[in-house]
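Asker: After the sequence you'll find the predicted model.
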Amino acid sequence: MRENKLKLAPDTFQSFTSISNIELNNSGELIALTATKPDIDGNIYRSRVNVVESETGELVFSTDEGRESTPVWVDDESLIYISHSNSDKDKKLKLVYWRRPSVRETLIELNKPVLGFRCVGNGLILALLRDPVDDQDPDYVYSDKIPIWFDAVGFVAGYRNRLYLIDHRSGYMEPLTSKDVNVVAFDYEPDRGIAALALSDDPERPYLAKIAVMDLDSGAIDYLANGESYYVENLSVKDNILAVKAHRLERGFATHLRLLLMDLDSGEVIAYESPKGRGLARRVYHDLRGPNASIPRVRIRGRNVYYLLSDGGRFTLYQYSIDSSEHKPVIDGDFVIDEFDVSQDQRVIAYIKTDPVNPAELYVFRDGVERQVTYFNKFLKRVYRFVKPERFVFEASDGELVEGWIMIPDGVEGERKIPAILNIHGGPKSKFGYTFMFEHQLLASNGYAVIYINPRGSDGYSEEFADIRGRYGTRDYEDLIEGVRYVVDRYRVIDPSRIGVTGISYGGFMTNWIITHTDIFKVAVSQNGISSWEAEFGTTDIGFYFVPDQIGGDVVRGRERLVEKSPIYYADRVSTPVLFIHSMNDYRCYIDQSLSFHTALKYLGKESAIALFREGSHTFGWVGKPRSRLKRYKLILDWFNRHLKA
């Protein structure tokens, strides 16, 4: 007998709580975290810092002002967190101190964005701030460098990410890094009194950074690895070990993030490895991760190093032994771990875990036993029906095995055929996997089979699999089309005449490419995508280096390759009705991409519509203003319903 549960609606996403910023205190007895929930009425995100006992899950402390995040432990009994104003117009923030059981006081107010901080002690805080280094006219932005803006940040001309030492007792703030370098990542080692840094000094190659250590007493900076530059995501330092998630662009931007370990005493590189031929970047889609999510760090504990590894649809916890040079799984399975921390004695591991039918919650792994600690989203499983995806693997026409998943709505019986939607991830070096995806569940709850595939170009497999430089629209396109044909042949419940396609970013590009190269899809929704690689090169934050690497040309040299791979030049072939969704503040794929393609299609008499959101960055559909997210869901459902169910 089927359970009588509710159908998901576009506004149901506001009922989910996301968890982030988890930090264990040194003893492993307490876990600090940020819990975040959308507020559609206020059009903001409400967040609070919670402290829970790792053994019992008992709540020890919770903030109540409504927009707190990013707890960092001072010692076993106290921490500091960031408190934002409830008004988006007020950009000031506070660093607030809490000590068990009930001491709470504001340490300092700041009017600059805090990108991260560490507690030094004696009233001192090491903080990474976004700092204006040039005087800018309020009426225009002047720059003699590129890029002038960056997605989800805004104008970067005249700004640097600088490391500051802040004395919260006096309010004195001392910049530790110069105006000429950008701090990509940092960490603090208290016993040595040093900060580990990744420093970018070339604004036209901002993706490259040099790894260094700074003595906080003298301010002296010592560059490691002979000053070699790396692509760096983040880093951690503990005792004499520096751990960096980095690579040298061996395969351009298709390169996997390696585990780079350095010995600070000898200056030697201990390891530079891609375990199992896989990478360490969190590229797996999870649309309820929330706006306060942290990039997971490597954790150094004694002679062991803990990290998350991207393998197929999984993103799970591994350990590297410095002494034996061996990698081994610690917490592994068909799920995704978004963030984690490990106690100093390595007996307690705290982590945020999700799978396709379980929204993210906090778990603890203690002495080999897993236990769930939080139950923020428990009631949602009782009220709503979540569909469990079925994994499939098919052999592509060139012999490569390609992984995908399908969600079949509950209650499909007899000979009834249902419509389906192919969702294409961005990147291209992202991936789908074992996460709870609200958008997929929403579509399935509304009667659609949902197909999602990791084609060539995806993360989670070999670098050769991920490397489609110069081959966009060929093998990746073939994998997707062959995957849909495989699914239609295997799952006879799908009506092959009623299949839609959608995707964001690279997925938007591929949606545009698909509707200019085949008519097997009845309808399309292209989201924040690309129609012209020439425009992508010139208008966006990363285009001037990403496009030459991925497509193989620029607007002067190899321009013909950009034209060849641009869907807009094939607009006359389109017969599929398409809705373009784009956000005005998308500096990763600028609004001209959707606007120009829509204009071309309307000029040619094709069925096309466009929804331009007045604000929101590239991923506004996941972390943008709650009302924008709601309206985006409605637009997508309405467009598909009109063309696939009418």
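Answerer: Good, I have the coordinates.

Asker: What sits closest to Glu268 if chain neighbours are left out?
Answerer: Nearest residue to Glu268, sequence neighbours excluded (CB to CB, 6 or more residues apart in numbering): Met262, at 7.0 Å. Every residue, glycine included, has its C-beta placed from N, CA and C.

Asker: Check Ile166 too.
Answerer: Ile125 (4.6 Å).

Asker: what's in contact with the helix ranked longest in the chain?
Answerer: Across the chain, the longest stretch assigned as helix under DSSP state H is helix 626-644. By CB atoms under 8 Å, 6 or more residues apart in numbering, the list of residues contacting helix 626-644 from outside reads 10-11, 13-14, 38-40, 43-45, 419, 421, 439, 442-443, 446, 448, 498-500, 502, 522-523, 525, 577, 579, 581, 583, 609, 611, 613, 615-616, 620-622.

Asker: Please repeat the previous calculation with a cut-off of 7 Å.
Answerer: Here helix 626-644 makes contact (CB atoms under 7 Å, 6 or more residues apart in numbering) with 10-11, 13-14, 38-40, 43, 419, 421, 442, 446, 498, 500, 502, 522-523, 525, 577, 579, 581, 611, 613, 616, 620-621.

Asker: Pull out the buried members of those.
Answerer: Taking 16 or more other CB atoms under 10 Å as the criterion, what is buried in the contacts of helix 626-644 is 10, 13, 38, 419, 421, 442, 446, 498, 500, 502, 522-523, 525, 577, 579, 581, 611, 613, 616, 620-621.

Asker: Among the residues you listed, which ones are in helices?
Answerer: When these are checked against helices (DSSP H), the matches are Leu442, Phe620, Gly621.

Asker: Compute the distance between the closest residue to the second one other than its chain neighbours and Ile568, please.
Answerer: For Phe620, the nearest residue in space outside its immediate sequence neighbours is Ser583; the separation is 4.5 Å by CB to CB, 6+ apart. For Ser583, the distance to Ile568 under the criterion CB to CB, to the nearest Å works out to 19 Å.

Asker: Mind checking which of the two has more residues around it?
Answerer: Taking other CB atoms under 10 Å, Ser583 and Ile568 do not tie; Ser583 has more neighbours (25 against 20).

Asker: Who are the contact partners of the more buried one?
Answerer: Applying CB under 7 Å, 6+ apart, the residues near Ser583 are Asn528, Phe613, Glu615, Gly616, Ser617, Phe620, Gly624.

Asker: what does Met437 give?
Answerer: Met437 neighbours (CB under 7 Å, 6+ apart): Tyr285, Asp287.

Asker: What distance do you get for it to Ile19?
Answerer: The gap separating Met437 from Ile19 is 16 Å, by CB to CB.

Asker: next one: Val284
Answerer: 16 Å.

Asker: Likewise for Ala466?
Answerer: In terms of CB to CB, Ala466 sits 29 Å off from Ile19.

Asker: And for Thr619?
Answerer: Counting by CB to CB, the gap from Thr619 to Ile19 is 19 Å.

Asker: out of those two, which sits in the busier spot?
Answerer: Neighbours were counted for Thr619 and for Ile19 using other CB under 10 Å; Ile19 has more, 28 against 20.
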